[in-house]
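Asker: Kindly generate the corresponding structure for this input.
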Amino acid sequence: MKKRIAMLLCALSALLSVATLPALAAAGPHYPVSVEEYTYGPLDELRINKVYQLALSDDPSGIPTEDFDRNGRHYYLLDLLRQDEVGVDTQPYTETVTMDSDTGNLSAVLKQLDGEMEVTTEDGYVGTLILDHTSVKVEVKGYKTSTKNLSATRTYPSLSDADLSLIPATITDGGKTLTLADVQWATDGTYYTATAQYTGTTSSRYATGYTATASYTGQVSKTNCEVVTYTAIFGSTKLEEPEPTPAPEPEPDLEQPVDTGGNGMEWLPLLGCAGGGAALVTATFFIIKTIKERSVRK
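Answerer: Prediction:
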């Protein structure tokens, strides 16, 4: 029965502990963002300020205000000050821009980009970003092919006859092969001179444009984050050194034998023997007296 009652009490204690956990968690504990130790007043009293920053929804009862000892001094709470402030939330941010360029030269593209840019994000953060030169890239937007007509003239004098077989059908001009297109003949009555016209085409591929991308990086901030600052001020007094506790006197050990002067005998055994002898004498005297009384009666 006692064992069952103990088990029930333990289970009830565990349930009560679990039920109180949310309330304790909601109240803290809170930790200081800074601790300042300084002297105050004409007597140079040592003080400590502990600063806490909480959101409006936080419970300030989690701020520790109990006394504590530190470096030989006892500290106690003097004041707990509250100040509502507007905090600034700052975070890194990168903005990537894309632009069209009529050149693929990286140096020329860098000259077209601004060194800084002002940004405002969708969630209200603002800031100034700096161009990251290492992030600038230029890519070709597309290609086209162009065709160009080529032509060249050749003169062939002192020909024996106006015969096309005497004229080359193709020639090479500027690394391009041209084909015979027309021949004009002239003669001095003995020889012929041919003026040949050669034609051809050449094709080239060129970029239709370029796309440049660049990244701007920096910090953006938002100034509508409200916080509450609490300052716990602790005064102090010097701890008194405790008085030394006298050492207790040793108690006599009754189990130790009593010194009898070196004769090897102990008083307690002697007293026991003396008591036994006295009892024996008394018993003997009582027996002799009883025998005498019986003899007289007879």
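Asker: Does residue 151 touch residue 196 like I think?
Answerer: No. Between residue 151 and residue 196 there is no contact under CB atoms under 8 Å: 11.2 Å. (Each C-beta comes from the backbone N, C-alpha and C, glycine too.)
Asker: Next, count neighbours for residue 203.
Answerer: As a burial measure, residue 203 scores 8 neighbours (other CB atoms under 10 Å).
Asker: try residue 51
Answerer: Residues within reach of residue 51, counting by other CB under 10 Å, total 15.
Asker: Helix or strand: which one has it?
Answerer: Using DSSP states H and E, residue 51 falls within strand 45-54.
Asker: Figure out how far the very next helix or strand once past that strand is from the centre of its chain.
Answerer: Remark: after strand 45-54, the chain's next helix or strand is strand 68-70, criterion DSSP H and E. Relative to its parent chain, strand 68-70 has a centroid offset of 31 Å by CA atoms, centre = their mean, to the nearest Å.
Asker: Who are the packing partners of strand 68-70?
Answerer: strand 73-101 (3 or more CB pairs under 8 Å, 6 or more residues apart in numbering; DSSP states H and E).
Asker: could you give the mean pLDDT of whichever helix or strand comes after the strand it packs on?
Answerer: Downstream of strand 73-101, the next assigned helix or strand under DSSP H and E is helix 106-112. For helix 106-112, mean pLDDT rounds to 91.
Asker: hang on, the earlier thing: ok, residue 151 and residue 196, which is more surrounded?
Answerer: residue 196 (19 against 11).
Asker: Now do the contacts for that one.
Answerer: With contact set as CB atoms under 8 Å, 6 or more residues apart in numbering, residue 196 has these partners: 153-156, 167-168, 180, 182-184.
Asker: Surely it forms part of a strand?
Answerer: Yes. Counting by DSSP: H, G, I helix; E, B strand; the rest coil, residue 196 is part of a strand.
Asker: re earlier: could the contacts of residue 196 be laid out in JSON lines, adding secondary structure?
Answerer: JSON lines is the format used below for those (three-state DSSP):
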{"residue": "153", "secondary structure": "strand"}
{"residue": "154", "secondary structure": "strand"}
{"residue": "155", "secondary structure": "strand"}
{"residue": "156", "secondary structure": "strand"}
{"residue": "167", "secondary structure": "coil"}
{"residue": "168", "secondary structure": "coil"}
{"residue": "180", "secondary structure": "strand"}
{"residue": "182", "secondary structure": "strand"}
{"residue": "183", "secondary structure": "strand"}
{"residue": "184", "secondary structure": "strand"}
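Asker: which among these gets closest to residue 129?
Answerer: For the contacts of residue 196, the residue nearest residue 129 by CB to CB is residue 153; the value is 62.2 Å.
Asker: how far away is the residue lying closest to that closest one once chain neighbours are set aside from residue 152?
Answerer: Excluding the flanking residues, the one nearest residue 153 by CB to CB, 6 or more residues apart in numbering is residue 197, at 5.7 Å. Distance of residue 197 to residue 152, given as CB to CB, to the nearest Å: 8 Å.
Asker: related to what we said a few turns ago, hmm, which of the contacts of residue 196 are the buried ones?
Answerer: Neighbour counting by 16 or more other CB atoms under 10 Å classes 154, 167, 180 among these as buried.
Asker: coming back round to it: for the strand holding residue 51, the distance to its chain's centre please.
Answerer: 26 Å.
Asker: Same question for that strand: list its buried residues.
Answerer: Going by neighbour count (16+ other CB under 10 Å), the buried part of strand 45-54 is 46-50, 52, 54.
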